[in-house]
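A.B. asks: Dropping the sequence and predicted coords here.
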Amino acid sequence: SCAPEATKIVIAQRIASVQDADIIYVLDNGVVNGSGTHEQLLQSNEIYREVFESQQAAN
């Protein structure tokens, strides 16, 4: 278990796994395409929004 102050790096394909993170980085072919909170990325990042909507529809 990590200390509450620890930095944690999580690599995930499922947005549900990271949507509560302080900062999310969106990678596209190995290049950072955007960063921010879940809400910020839904508003500003097309790739993130499309993946999120696709995953929501699948559930």
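C.D. replies: In hand now; what should we look at?

A.B. asks: in the lengthiest helix in the chain, what's buried?
C.D. replies: Longest helix of the chain, by residue count under DSSP state H: helix 46-58. Going by neighbour count (16 or more other C-beta atoms under 10 Å), the buried part of helix 46-58 is 48, 51-52. Any C-beta I mention is one placed from the backbone N, CA and C, and that applies to glycine too.

A.B. asks: Next: stretch 19-30.
C.D. replies: 24, 26.

A.B. asks: outside of it, which residues touch it?
C.D. replies: 10, 18, 32-38, 41, 45, 47-48 (C-beta atoms under 8 Å, 6 or more residues apart in numbering).

A.B. asks: again, only using 6 Å
C.D. replies: Residues outside stretch 19-30 that contact it (C-beta atoms under 6 Å, 6 or more residues apart in numbering) are 18, 32-35, 38, 45, 47-48.

A.B. asks: Could you do stretch 39-57 as well?
C.D. replies: Contacts of stretch 39-57 (C-beta under 6 Å, 6+ apart): 15, 26, 28, 33-34.

A.B. asks: if we go to 7 Å?
C.D. replies: Contact with stretch 39-57 is made by 14-15, 24, 26, 28, 33-34, 36, as judged by C-beta atoms under 7 Å, 6 or more residues apart in numbering.
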